[in-house]
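J.: Sharing a model that was predicted from the sequence below.
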Amino acid sequence: MAEVAPAVVARSDAAPEREALVRRLVERLLDTLDCQHAASTRHVEDAIQRALASELASVYAALPVPDCRQAAGLGRAELVRITDYIDRNIDRTIELADLAALIKVSRFHFSRLFKRSTGTTALAYVEARRILHAQRLLTETDLPLAEIALMTGFSDQSHFTRRFRERLGSTPAAFARENGRRRPVQRQP
């Protein structure tokens, strides 16, 4: 066996790191086999397994562990499909299960993938799209606030006003006035 190992290492056209790894594995295997008195097939298999496991463990222990949480996310096509779905259904209740079904994953897995891809939760993203659509309606139409609230998927005008103010710092009516679409409310004495 001592004659085969150098030939295997010499034929290796791999990178220097691989060559060093192979050399260490072969040396370790030869040391282990020299210590074996009965060279049965089972003992040889066990020696090979132990030598490989030990050497690979020491090699991989020194490498940085990749952060799998950042490695994978949603693809561009999937994000477009999700955004299109949200925009088409902006006036309806949109649940995580609906969005997850678009890419055929569980809602829990979808939540993780979406957060990884966009930096925000799916429900916060849906709300942001609702607010954006409401901003367009407020600046382009003279529809009543209650109707805009329902058209953008909010349960009522109060909920719409509260979420709009939290996100943008002003009420929908004030936003519309600032953008020239609504007249200021005149109070009668």
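T.: Okay, I see it. Numbers count the residues shown, from 1 in each chain.
J.: Could I get the contacting residues of Leu96?
T.: Arg107, Phe110, Ser111, Ala122, Leu123 (C-beta atoms under 8 Å, 6 or more residues apart in numbering). No exception for glycine: its C-beta is placed from N, CA and C like everyone else's.
J.: thought the first one was touching Ala97?
T.: I take that to be Arg107. Yes: with contact defined as C-beta atoms under 8 Å, Arg107 reaches Ala97; the gap is 5.0 Å.
J.: Could you work out the end-to-end span of stretch 107-126 for me?
T.: End-to-end distance of stretch 107-126 (C-alpha to C-alpha, to the nearest Å): 15 Å.
J.: which parts of it are buried?
T.: Residues of stretch 107-126 classed as buried by neighbour count (16 or more other C-beta atoms under 10 Å): Phe110, Ser111, Leu113, Phe114, Lys115, Ser117, Thr118, Ala122, Tyr125, Val126.
J.: In helices, which of the contacts of Leu96 fall?
T.: Of these, the ones assigned to helices by DSSP state H are Arg107, Phe110, Ser111, Ala122, Leu123.
J.: Poorly predicted segments of this structure, please.
T.: Across the chain, the ranges flagged by pLDDT under 70 are 1-15, 18, 21-22, 25-26, 29-49, 51-71, 180-189.
J.: what do you get if the cut-off is 90, keeping everything else the same?
T.: Scanning the chain for pLDDT under 90 picks out 1-76, 118, 140-142, 155, 177-189.
J.: ok, which stretches of it are helices?
T.: Going by DSSP H, the chain shows helices at 4-11, 16-35, 41-61, 68-71, 76-88, 96-103, 107-118, 122-140, 145-151, 157-168, 172-178.
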